[in-house]
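Trainee: Quick one: sequence and predicted model below, then my questions.
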Amino acid sequence: MSYKVEIKKYGFIQWLLLLFSSFIDIFYQFQSFWGFSFYRNKDGFFEMHPSEAAVIVKYRVEAVVVRADGTEIARGRKGATKLMHFTNLADATDLKRVAREAISRCTYLDPSRIDELEQILAALRTRQKLAKPSRPGTAMRPATGSSANRRPKVDAKISDLPQYRSLLYNTIEDKIAGSEMILQLVQSKVHVAQIARSDPVINALARLLFEDESRNLDLKINICRIFACMAQLSLAPALFTKNRIGGSLLQEVDLELQRYQTWKDGLVQRQHEPAELESFRKKFIHFLRKQDQFLAVALKILLLIGRDLATQTKMVKKGVVAVLARCCERSNPEVQILGLRFLLRLSLFVENLERFAQAGVVEKVARAVDQQRSREVGEYGLRLLYNLSLCPTIRQGMLKKSFTKRILPLLEDSKYCELTARLLYSMSQDSRGLRAAPDLGATCARLLARNSESHTGSGEYLLALTTNLVNHPGLAEDFAGAVKMDEVMATSLATSDAALLRIVNLVTKNVPDAKWMSEQNLSTIVKAFKTEATTEFTMECTIGLAVALEKDHCSTADVSRFCKLQTELTTKSVQARTPAELLALAYFIGALASTDKGADLLTAASMTDWLCRKLGEPDGQQEELSLQIGYALMKLTQYEPARLRIMDYPGITKVLSTNTQRASDVSRSLFEELLRHLSLVSEDIHEAWKSERFQQYNGQWLQAIATRHGNGADNIYATDDFNDDEMDLITKFGLEEIGLDLSDDLEDDDDDVEDMIERYSARTHSRLDFRS
């Protein structure tokens, strides 16, 4: 009997072993089919903890499921945060070694970021020096130095929350102790939502923030940090709106800034009392350190709840702009940065700009930028000033205070060069903004030369600023005197930089002595001119050749040595499609037409017909293009072969007469002069022009006659069958009103064509700003 029992026991154990081995086999088969691996992303970043002697590390954790052959099946990603504590960072501590050891222990950190961690450790050590130890021999506390930053000796428990709340109604010491315990609880993600839903606790904290008569900064700091922990919750907007946290914080910040001014005035008053001055200064420094902590936390909360546009509008009405402007005058960089960030957000709305002007934000921010306590302050300040400079009223105020000269030194600082160039470019829209800084041209020239030597590209705003600058002849001379134009030209051609080449063209146009001509530069620019592909750079090369021809820096023969100019002109006339391409080519043709050889070459290439045709097309109706075409035709009429080709073009009188109806006085007078000159040598054009003018000035009554006569009015110029009423209309509103005398002799008009060209060339060229 016992034997059977023993057999049964053995069989049961064997069954268990068999089941376990089967499970192991299934597990290995599953593992061979699917693999599972974790890895951490090394693209994380560091942040210095706002209160503790620690560094916050934020990174991503990714999980990947793969098959046995390595094929990826699924992927997951999740953000993660680690806290690295560093205590007792003495002056003798090797921070590089500490940073290297910390990164070696954390496999999810990139080893190449040791220098960044070392800088944060240096900031932590500096902050610890500013804190005072509670007694000799104790470890130095974190940089805040207030009781709000001490870790409570007793660990807070969520079950004791009612007791902590009751402490908020006792003495000031009990209020601070209770707030510290609640702060310890809300720093845990487990308890923060539960406490946020506890109305009695939130009401007590909100009441203390608004009604505390003692104005104890330690208590305020604790309360603000509690609300800062809750600000990231989804229920935070409704919670803060219900308890008016934003309004209370804004009021408290305003009161603290008033207290700061009172302390500052007291310090000034005690300058003549040496006995009290030193002790009062120590108290003031201690007060200032705590107040900066409160302002930093309060501004963070206001910045978070200000994301809601409705809440932001309410804050603006309650004077948040003036409060933030005063925060920019603080000596603490963190407070300045938070104030500038909030002001930068508010500056995006046009309706707020009037309050910016009333609060004197420009002057306060400019002083903060001048101090340059940190790079972030300078960057946020310049961005804010750029936004404000887009408002014409505020920009006028900047110019009255010589703001351009004030920020000019920042242009040569590599940290702020691009932001300063953007601000100066915005101010250069007003000509006074350029004249206010006489050294601006030389400074931009030095920067462009420095970037060329170091082979680093110049920023787009620096190039745009320089382009506006050299449009003014006086500033263009300053620019040309600070650089070698042939070297700048060679750099622009070597790098195919269209913006830099545009600057060279403008300087050459406005400064008579500015020459870039050399055999190598001419060969390179003509080679670019011959390129079939049309780009912005090739168009600037075309304009550059035109300016050089116009200023007699080179001749048509010089250009013809490097290319077959007639063939290239024919090719370019076919390729030009866009208004910018047509404008560049028309300007080049006008420059060639200044000499006999150029005019003969243009006539042989049928460029006269191309100009007349383009003037009659829709593209030619653009003001700038029509002026350049008219100027080129005016020059070509000096040469008889070209003039004959122009007069033989079908419908030339109608094309030119149509352009005399333009709104611009310059265009109208230019084409009237051109028609008057052609009518001197062609009676047909003279008669056709009279007919066109008659039709233009009497269009209304001609339309009335056509309506009365129906189809019979189509041949109105081919018959003399007018009744008396119609002849009265012609007499009253026709020839007398337009000032034509049909008995004029063609030889009576003795206008000098050379004077006409001289009179209109400067005006038409002034309209071509090289698309700047």
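Mentor: Received it, and whenever you're ready, just let me know what you need.

Trainee: Please make it C-alpha for all contacts and neighbour counts, starting now.
Mentor: Fine.

Trainee: how about Leu583, what does it touch?
Mentor: Contacts for Leu583 (CA atoms under 8 Å, 6 or more residues apart in numbering) come out as 624-625, 628.

Trainee: Next, check the residues you listed against the strands and list the overlap.
Mentor: The strands, defined by DSSP state E, take in nothing from these.

Trainee: Compare the residues you listed and tell me which is most surrounded.
Mentor: Counting neighbours by other CA atoms under 10 Å, Gln628 comes out on top of the contacts of Leu583 with 29 neighbours.

Trainee: Do I have it right that that residue meets Leu585?
Mentor: No. Applying CA atoms under 8 Å as the test, Gln628 and Leu585 come out as separate, 9.5 Å apart.

Trainee: about what we covered before: got the contacts of Leu583 as CSV, with pLDDT columns?
Mentor: Formatted as CSV, these follow (pLDDT from 0 to 100):
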residue, pLDDT
Glu624, 86
Leu625, 87
Gln628, 89
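
Trainee: Just the element for the closest residue to Leu209 other than its chain neighbours, please.
Mentor: Using CA to CA, 6 or more residues apart in numbering and skipping the chain neighbours, the partner closest in space to Leu209 is Lys220 (6.5 Å). Counting by DSSP states H and E, the element that carries Lys220 is helix 217-230.

Trainee: contact partners of the helix or strand harbouring Leu656?
Mentor: Element membership for Leu656 (DSSP H and E) is helix 652-659. With contacts defined as CA under 8 Å, 6+ apart, helix 652-659 is touched by 612, 615-616, 621, 646, 667-668, 671-672, 675, 685, 688-689, 692-693.

Trainee: Lowest-confidence entry in the residues you listed?
Mentor: Of all the contacts of helix 652-659, Gln621 carries the smallest pLDDT score, 65.

Trainee: before we move on, back to that, keep only those of the contacts of helix 652-659 that are in helices.
Mentor: If you go by DSSP state H, these have 612, 615-616, 646, 667-668, 671-672, 675, 685, 688-689, 692-693 in helices.

Trainee: quick one: which of those residues is nearest Leu302?
Mentor: Comparing the ones in helices among the contacts of helix 652-659 against Leu302 with CA to CA picks out Ser667 as the nearest, at 57.6 Å.

Trainee: and the closest one, what does it touch?
Mentor: Shown in contact with Ser667 (CA under 8 Å, 6+ apart): 623, 626-627, 659-660.

Trainee: Looking at the residues you listed, which is nearest Ala533?
Mentor: Ser626 (24.6 Å).

Trainee: Wait, the closest one touches Leu615, no?
Mentor: Yes. If you go by CA under 8 Å, Ser626 and Leu615 touch, sitting 6.3 Å apart.

Trainee: which residues in the stretch 451-600 of the chain form helices?
Mentor: Counting by DSSP state H, counting those that start in this stretch, the stretch 451-600 of the chain has helices at residues 460-470, 473-482, 485-495, 498-510, 519-529, 536-550, 556-560, 565-575, 579-592, 596-604.

Trainee: ok, and for the last one, which residues are buried?
Mentor: The neighbour-count criterion (16 or more other CA atoms under 10 Å) identifies 598-603 as the buried residues of helix 596-604.

Trainee: What of stretch 374-391?
Mentor: Buried-residue list, stretch 374-391, by 16+ other CA under 10 Å: 376-389.

Trainee: So which of those residues are in helices?
Mentor: The helices, defined by DSSP H, take in 376-389 from the buried residues of stretch 374-391.

Trainee: Checking Val57 next. Helix, strand or coil?
Mentor: Here Val57 is strand, with the state taken from DSSP: H, G, I helix; E, B strand; the rest coil.

Trainee: ok, back up a step: okay, the helix holding Leu656 in PDB with CA atoms only?
Mentor: Written as PDB, here are the backbone C-alpha positions of helix 652-659 (Å, rounded to 0.1, in the frame of the first residue of the first chain):
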ATOM      1  CA  ILE A 652       4.300 102.900 -81.600                       C
ATOM      2  CA  THR A 653       2.300 106.100 -81.300                       C
ATOM      3  CA  LYS A 654      -0.600 104.300 -79.600                       C
ATOM      4  CA  VAL A 655       1.800 102.400 -77.200                       C
ATOM      5  CA  LEU A 656       3.600 105.500 -76.100                       C
ATOM      6  CA  SER A 657       0.400 107.600 -75.900                       C
ATOM      7  CA  THR A 658      -1.200 105.000 -73.600                       C
ATOM      8  CA  ASN A 659       1.700 105.300 -71.200                       C
END
